[in-house]
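Just to be clear, the model below is a prediction. Sequence and coordinates:
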Amino acid sequence: MNRIILIETSTSLCSTALVEDGKVVCERLSSEPRAHASMTAPYVNEMLKERGLGVKDCSAVAVSKGPGSYTGLRVGVSTAKGLCFGAGIPLISVGTLDTLVWQAMDGGLVPEGCRYIIPMVDARRMEVYTAVFTTDGKQVTPTEAMVVGEESFKDQLSEGPVLFIGDGAGKCQEVIGTHNAFFVQCCPKASGMTKPAVAAFNEGRFEDVAYFEPYYLKEFMTTTSKKKLF
């Protein structure tokens, strides 16, 4: 039996799942702010304990590789690496946008006649991390950080219904809104990684545990406090 631990921490939702032979048997979710570091590893432990398993009983660990929150991705990847190192099992990475696309397809969220699925991960203000996918999960445009405006995705929308999904979809609704645009505001979940993670495992597409890094897309920005400490 193939068992894969799934970890998704690229947005505000902290999510883990356990898959056995392609079926989700355990799942944990929390939208508590800034809780990824304190919850991710305990969630994995809870799931394994629930099934009477240890990490070494699993075949691989799959983690979201981004794009998304810098801190969230660091927590997820660090946790996944630790599990892989400790148990001697392979590491799989799944793109955050791919997870949202499969969430839409497996969750019955794709409207009738839909031509494209466009996942959107919030990148603050009117910017999103996004790409265009066909309804069979194939990515047809590069992943990019885009400031969404009235002309965004005009070509896709002219062809027919388009589904926009992700935690950045809602804020774009008023700007993009046409009769062909459908919106689902949600965060990517670990369970949405199931099919791409299983496919990667079956095909032997593993990451180098020592050197793998998340795909941030944009550099991490820091700000300097204006408060005087002394």
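Perfect, I can see it now.

helices and strands around the helix ranked longest in the chain, which ones?
Counting by DSSP state H, the longest helix found in the chain is helix 70-87. Judged by 3 or more C-beta pairs under 8 Å, 6 or more residues apart in numbering; DSSP states H and E, helix 70-87 is in contact with strand 3-8, helix 36-50, strand 60-66, strand 91-95. Quick note: C-beta positions are derived from backbone N, CA and C, even for glycine.

and the last one, what's its mean pLDDT?
In this model, strand 91-95 carries a mean pLDDT of 98.

about what we covered before: Throw the helices and strands packed on helix 70-87 into a markdown table and include distance to Cys187 and mean neighbour count, thanks.
Compiled in a markdown table, the helices and strands packed on helix 70-87 are given as follows (distance: least, C-beta to C-beta, whole Å; neighbours: other C-beta atoms under 10 Å):
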| stretch | distance to Cys187 | mean neighbour count |
| --- | --- | --- |
| strand 3-8 | 8 | 26 |
| helix 36-50 | 12 | 18 |
| strand 60-66 | 11 | 27 |
| strand 91-95 | 15 | 24 |
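
so which of these comes closest to Gly22?
The closest of the helices and strands packed on helix 70-87 to Gly22 is strand 3-8. By C-beta to C-beta, the value is 8.9 Å.

name the helices or strands packed onto the closest one?
strand 14-20, helix 36-50, strand 60-66, helix 70-87, helix 194-203.

how much does it deviate in direction from strand 91-95?
40 degrees (axes from the mean of the first three to the mean of the last three C-alpha atoms, to 10 degrees).

Toward the C-terminus from the lowest-mean-pLDDT helix or strand in the chain, list the very next helix or strand.
Least confident element among the helices and strands of the chain, by mean pLDDT, DSSP states H and E: helix 173-176 (a mean of 89). Under the assignment DSSP states H and E, the closest C-terminal helix or strand after helix 173-176 is strand 181-185.

Can you tell me the strand partners of that next one and which way each runs?
Strand pairing for strand 181-185, determined by DSSP bridges: strand 162-166 (parallel).

average pLDDT across the partner strand?
Per-residue scores along strand 162-166 average to 98.

Repeat that for stretch 204-224.
pLDDT averaged over stretch 204-224 gives 80.

Kindly export that stretch (C-alpha atoms) in CSV.
What follows is stretch 204-224, C-alpha atoms only, in CSV (Å, rounded to 0.1, in the frame of the first residue of the first chain):
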residue,chain,number,x,y,z
GLY,A,204,9.2,8.6,-9.6
ARG,A,205,9.3,12.4,-9.8
PHE,A,206,11.0,13.2,-6.5
GLU,A,207,12.8,16.3,-5.2
ASP,A,208,16.3,16.4,-3.8
VAL,A,209,15.5,16.6,0.0
ALA,A,210,18.8,18.4,0.8
TYR,A,211,18.5,21.1,-1.8
PHE,A,212,14.8,21.6,-2.6
GLU,A,213,13.5,25.2,-2.0
PRO,A,214,10.0,26.6,-2.4
TYR,A,215,9.0,28.6,-5.5
TYR,A,216,8.4,32.0,-4.0
LEU,A,217,8.1,33.8,-7.4
LYS,A,218,8.7,37.1,-5.7
GLU,A,219,11.5,38.0,-3.3
PHE,A,220,10.5,38.2,0.4
MET,A,221,10.0,41.8,1.3
THR,A,222,10.8,43.2,4.8
THR,A,223,10.0,46.5,6.3
THR,A,224,11.9,48.5,8.9
